[in-house]
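just coords:
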């Protein structure tokens with residue numbers, strides 16, 4: 001039943017059990033005049049006196065024309081120069097209740113306060129390159145190893161000037177506002193798509209020579225009789241003469257490039273987001289060496305329980321053709 005009806009009945013029952021008016025008002029947290037009002041009505045009219053005299057204001061009908069008017073106004077820019085509408089701002093503009101605007105937005109699934117970014121690939125060979133990479137995921141060549149390779153650059157070794165206050169009940173972990181930069185480094189990573197294990201290497205610079213050195217280290221750790229298929233992005237450091245020389249010296253290695261602006265095709269990006277959350281974002285590093293040590297320690301621990309990613313991409317309708 002409505003809460004107000006329940007409270008009125010409770011008042012009468014408590015009075016009927018012999019409680020004083022002040023005691024009932026105190027326990028139900030209402031004024032003594034409220035207790036006297038409903039006691040008097042019950043004495044005069046019985047149960048009929050416990051119903052409210054005011055039924056409340058009836059909500060005006062939500063007509064399709066009004067909904068269309070609200071939706072049409074929502075799609076236009078506000079006249080005050082702001083980027084989007086709020087419920088109250090649009091309600092004032094149209095002369096309706098802000099709750100009505102909220103209901104119409106909720107029904108239509110509109111959230112003007114939210115925005116998403118996108119990147120459309122301008123690669124003329126998008127379909128061909130994407131099919132090549134996806135084919136390696138779904139049906140890799142027999143006796144071949146598939147690695148997703150990329151580098152996470154400019155990782156900052158940030159040291160907090162104030163001590164970190166640990167979390168406690170009702171309070172999140174707190175970091176001081178001020179910090180000190182000890183420097184940066186890059187992390188090269190190769191994700192084995194079949195096992196989920198990661199081979200990592202830190203470097204002070206992000207160059208083609210470091211990329212080739214990482215590929216050499218990766219190849220040295222693999223069996224000699226296995227093909228190595230490497231998926232990488234279109235960074236210029238991946239397409240230099242030094243890289244071509246390395247490929248000529250290692251015929252078992254083949255590079256596959258993702259389309260431009262299509263990092264979502266490279267599974268190692270999923271792992272980079274994980275190490276960002278687990279180590280880098282909230283980490284405190286006393287030096288660049290300390291940062292490198294903690295990154296490699298995380299990789300070793302991760303490989304003990306590594307699992308391949310169940311990578312899927314279903315929202316092809318969201319792709320915007322160039």
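Okay, I see it. None of these values were measured; they are calculated from a predicted model.

Would you agree residue 105 falls within a strand?
No. Applying DSSP: H, G, I helix; E, B strand; the rest coil, one finds residue 105 to be helix, outside a strand.

measure it to residue 85 for me?
Look at residue 105 and residue 85: by CB to CB, to the nearest Å, they are 9 Å apart. Quick note: C-beta positions are derived from backbone N, CA and C, even for glycine.

Find the residues that touch each one of these two.
74, 112 (CB atoms under 8 Å, 6 or more residues apart in numbering).

quick one: the strands in the stretch 201-322 of the chain?
227-232, 253-257 (DSSP state E, counting those that start in this stretch).

In terms of secondary structure, what does the first one contact?
Secondary structure elements in contact with strand 227-232, counted by 3 or more CB pairs under 8 Å, 6 or more residues apart in numbering; DSSP states H and E, are helix 126-138, strand 144-160, helix 208-220, strand 253-257.

So which of these is the most surrounded?
Mean neighbour counts were taken over the helices and strands packed on strand 227-232 using mean count of other CB atoms under 10 Å, and the top value, a mean of 20, falls to strand 144-160.

Could you give me the buried positions within the next helix or strand along the chain from that strand?
Taking DSSP states H and E as the definition, the helix or strand that follows strand 144-160 towards the C-terminus is strand 179-192. Across strand 179-192, burial judged by 16 or more other CB atoms under 10 Å covers 182, 184-192.

Show me where the stretch 1-150 of the chain has its helices.
Remark: helices assigned in the stretch 1-150 of the chain by DSSP state H, counting those that start in this stretch are 3-16, 21-28, 32-45, 64-74, 87-94, 98-108, 126-138.

any chance of the ones you listed in CSV, plus mean pLDDT?
CSV is the format used below for the helices of the stretch 1-150 of the chain (pLDDT from 0 to 100):
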stretch, mean pLDDT
helix 3-16, 90
helix 21-28, 92
helix 32-45, 92
helix 64-74, 92
helix 87-94, 94
helix 98-108, 93
helix 126-138, 91
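
Buried residues, the longest helix along the chain. List them.
Longest helix in the chain by number of residues (criterion: DSSP state H): helix 288-303. Within helix 288-303, the residues scored as buried using 16+ other CB under 10 Å are 288, 291-292, 294-295, 298-299, 302.
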